[in-house]
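K.L.:
Structure for this input, please:
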Amino acid sequence: MNAHAPIQPRGRQQPGLFEVKPTPGPWRAPSAGIYGPDDLLICSLGHEDTVRAYRARGDTCGELLMANARLIAAAPELVAAIVALLPFVDGKKPGALDVCMAVHAVLTKAIG
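P.N.:
Below you'll find the predicted structure:
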């Protein structure tokens, strides 16, 4: 499988059911590290080079870095909420198909 190609759903299942799934949530960001269940480190934004890059962008207090960490930590719940909303989208409303396609593309980016 091409590492850069989006992971395709299996068959005609509900969107969001992909072959490779991320670490289940909830995730938390008590620091620049994002942790999953059982304190499993998901990723760290606290690497020296990352901190230096944020400081170069004017984030001397680490506020932007922590905002990004919180957003990353919310990813599992965001994906679950979007997947749960999909059945409620009325396909007859103008633009609904475009919204569904955009949501599917974002889910593919987030999950795959």
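
K.L.:
Contact partners for the residue nearest the centre of the chain?
P.N.:
Against the mean C-alpha coordinate of the chain, by Cα atoms, centre = their mean, the closest residue is residue 75 at 3.8 Å. Applying Cβ atoms under 8 Å, 6 or more residues apart in numbering, one finds that residue 75 lies in contact with 22, 25, 27, 110. For every residue, glycine as well, the C-beta is placed using N, CA and C.

K.L.:
please redo it, this time with the cut-off set to 10 Å
P.N.:
Taking Cβ atoms under 10 Å, 6 or more residues apart in numbering as the contact definition, residue 75 lies against 22-23, 25, 27, 34, 42, 110-111.

K.L.:
What are the phi and psi values at it?
P.N.:
Here the main-chain torsion angles of residue 75 (degrees, to the nearest 10) amount to phi -50, psi -50.

K.L.:
out of the contacts of residue 75, which are buried?
P.N.:
Applying 16 or more other Cβ atoms under 10 Å to the contacts of residue 75, the neighbour count classes 25, 27, 34, 42, 111 as buried.

K.L.:
For residue 85, pull up the helix or strand it's in.
P.N.:
Following DSSP states H and E, one finds residue 85 within helix 75-85.

K.L.:
any chance you could map the strands in this protein?
P.N.:
Taking DSSP state E, the strands of the chain run over residues 33-35, 41-44.
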